[in-house]
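Novice: with the input below, show me the fold.
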Amino acid sequence: MSLPAPTSDALAASHALQNLIAADIAAGSGAISFARFMELALYAPDLGYYSGGAAKLGKDGDFTTAPELTPLFGATLAHTAAAIIAQSAPNILEFGAGTGKLARDILTEAAAAGVAVERYAIVELSGELRARQQELLRGFPQVEWLDGFPDAWTGVAIGNEVLDAMPVHLARKTAAGWRELHVTVADGRFDYVEVEAGPALLDQLAAQVHPEDEALLPEGYTTELHGSARGFMATLARMLARGAGGAAILLDYGFPAHEYYLGQREAGTLMCHYRHHAHADPFYLPGLQDITAHVDFTAMAVAAQDGGADVLAYMSQASFLLAAGIGELLTRTDPADAKAYLPRANAVQKLLSPAEMGELFKVLIVGKGVRLAPALAAADRSHRL
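Specialist: Sure, this is the predicted structure:
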């Protein structure tokens, strides 16, 4: 694998994290679950990818998200949020706010549209990203930062590319049944080792993989189990159910279950992002790269329902943005002004194109006591879950 070399300081930080993980493995009788490895690699205090100090997003980081492409993404979400706020309260809660650009764009568009957002709360685990958010959003006095879920929430909740970064367990189908993949140290390097699948893992498999799909999977098939993300969705649903009306909008890449658990995905969907290079080795320079897994949206919807929320809509990102009015927002820029119009149009094309983000990225909306705008309701494809 030919990837950009890290700085000496970054390499030293990765080595420190590798030592921490190796100590955790030694304390765990020689192996830990992949979920535990992923948790440490991403969130170990001061050393994990999201808790360390390196840039994550944009040209100087490892990947680019939709809010980094164009403010029209946030502006479109602002109008969707406004329709929900009109039925609930002028509050927005964002999980994992990145550089803060999505919050800025939502608040800017809401103000221009005459929609007062009285409270914009952000739950952010990354100290580096929180600092960037505080700098960018210092002109918005309604913004505050929280360390975790509020007990109840009335209004809108947003999570853009949050679910994919939650730790996953790995399971492999063998001739003797399902086995769990743990992480060990072999010859001074991290590696996988198969262990017996315990009852909790088998319960997760039963919850996510339909027996008819399972029967078609070949031996050696490996997949992710989304226990942390399912727990997040259940907690999110309970938070909304305790409020006086609201909805959560989750945007991420992934599939419904019947498209997720297929033989052609026999190696799973794990993907790592380092300096705008994507690869599949989660053991490469822990702490310096993002580790993600595609989202099982069926499992997320079921978890939300179990937590007391209703599934209001599910659709592709392209369908969501078009139904929410991104085309109309683009027309505010005169096409005759090529210098201004073409960059905006190209960014919107990337968000909508089936070959880019339009179809791989999905939108799941769950809530309680509110209704979606007719255009969004008409675009709903939740029957595909």
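Novice: flag the shaky bits of the stretch 201-350 of the chain, pLDDT-wise.
Specialist: The model of the stretch 201-350 of the chain has no residue with pLDDT under 70.
Novice: and with 80 instead?
Specialist: Along the stretch 201-350 of the chain, the parts satisfying pLDDT under 80 run over 276.
Novice: so which residues of it form helices?
Specialist: Here the stretch 201-350 of the chain has its helices, by DSSP state H, counting those that start in this stretch, at 211-215, 227-242, 257-260, 297-306, 317-324, 326-330, 338-352.
Novice: same check on the stretch 1-150 of the chain?
Specialist: 8-27, 34-43, 66-69, 71-85, 101-112, 127-136.
Novice: of those helices, which is nearest Ile291?
Specialist: Ile291 lies closest to helix 34-43 among those, at 5.5 Å (C-beta to C-beta). Every residue, glycine included, has its C-beta placed from N, CA and C.
Novice: next, the angle from the closest one to helix 227-242.
Specialist: 70 degrees (axes from the mean of the first three to the mean of the last three C-alpha atoms, to 10 degrees).
Novice: same question for helix 34-43, mean pLDDT?
Specialist: Helix 34-43 carries an average pLDDT of 97.
Novice: list every C-alpha atom in that helix, with coordinates, as PDB.
Specialist: The C-alpha trace of helix 34-43 is given here as PDB (Å, rounded to 0.1, in the frame of the first residue of the first chain):
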ATOM      1  CA  PHE A  34     -12.800  -5.700  16.900                       C
ATOM      2  CA  ALA A  35     -15.300  -3.300  18.400                       C
ATOM      3  CA  ARG A  36     -13.000  -2.700  21.300                       C
ATOM      4  CA  PHE A  37     -10.000  -2.200  18.900                       C
ATOM      5  CA  MET A  38     -12.100   0.300  16.800                       C
ATOM      6  CA  GLU A  39     -13.200   2.100  19.900                       C
ATOM      7  CA  LEU A  40      -9.600   2.600  21.000                       C
ATOM      8  CA  ALA A  41      -8.400   3.400  17.600                       C
ATOM      9  CA  LEU A  42     -11.000   6.200  17.200                       C
ATOM     10  CA  TYR A  43     -11.800   7.400  20.700                       C
END
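Novice: packing partners for that helix?
Specialist: helix 8-27, strand 169-174, strand 177-186, strand 290-292 (3 or more C-beta pairs under 8 Å, 6 or more residues apart in numbering; DSSP states H and E).
Novice: and the first one, which residues are buried?
Specialist: Within helix 8-27, the residues scored as buried using 16 or more other C-beta atoms under 10 Å are Ala10, Ala13, Ser14, Leu17, Gln18, Leu20, Ile21, Asp24, Ile25.
Novice: hang on, the earlier thing: and the helices of the stretch 1-150 of the chain: which comes nearest Leu321?
Specialist: Ranking those by proximity to Leu321 (C-beta to C-beta) places helix 71-85 first, at 5.5 Å.
Novice: that closest one to helix 338-352, inter-axis angle?
Specialist: Going by the same axes, to 10 degrees, helix 71-85 makes 60 degrees with helix 338-352.
Novice: what lies in contact with helix 71-85?
Specialist: 66-67, 91-92, 101-110, 113, 115, 117, 155-156, 158, 246-247, 249, 321, 324-326, 329-330, 344, 347-348, 351, 367, 370, 372-373, 376 (C-beta atoms under 8 Å, 6 or more residues apart in numbering).
Novice: ok, now how distant is Ile106 from Ala340?
Specialist: Per C-beta to C-beta, to the nearest Å, Ile106 is found 21 Å from Ala340.
Novice: show me which of the two is the more surrounded one.
Specialist: Ile106 (30 against 12; other C-beta atoms under 10 Å).
Novice: and the more buried one, how far from Leu330?
Specialist: Separation of Ile106 from Leu330 (C-beta to C-beta): 17 Å.
Novice: quick one: the residue of the chain positioned farthest from its centre and Ala347, what's the gap?
Specialist: The outermost residue of the chain relative to its centre, with distances by C-alpha atoms, centre = their mean, is Ala336 at 36.8 Å. Using C-beta to C-beta, Ala336 is found at 19 Å from Ala347.
Novice: got it, and Ile291?
Specialist: 27 Å.
Novice: can you check Leu107 too?
Specialist: Distance from Leu107 to Ala347, by C-beta to C-beta: 20 Å.
Novice: what about the two, which has more around it?
Specialist: Leu107 (21 against 18).
Novice: that one contacts Ala116, doesn't it?
Specialist: No - counting by C-beta atoms under 8 Å, Ala116 is not a contact partner of Leu107; they are 10.3 Å apart.
Novice: ok, the closest residue to Leu102 other than its chain neighbours - how many residues close by?
Specialist: Excluding the flanking residues, the one nearest Leu102 by C-beta to C-beta, 6 or more residues apart in numbering is Pro67, at 3.9 Å. Residues lying near Pro67 (other C-beta under 10 Å) number 24.
Novice: confidence score at Pro67?
Specialist: So, for Pro67, pLDDT stands at 94.
Novice: quick one, what contacts it?
Specialist: Phe73, Gly74, Gly98, Thr99, Lys101, Leu102, Asp105, Asn160.
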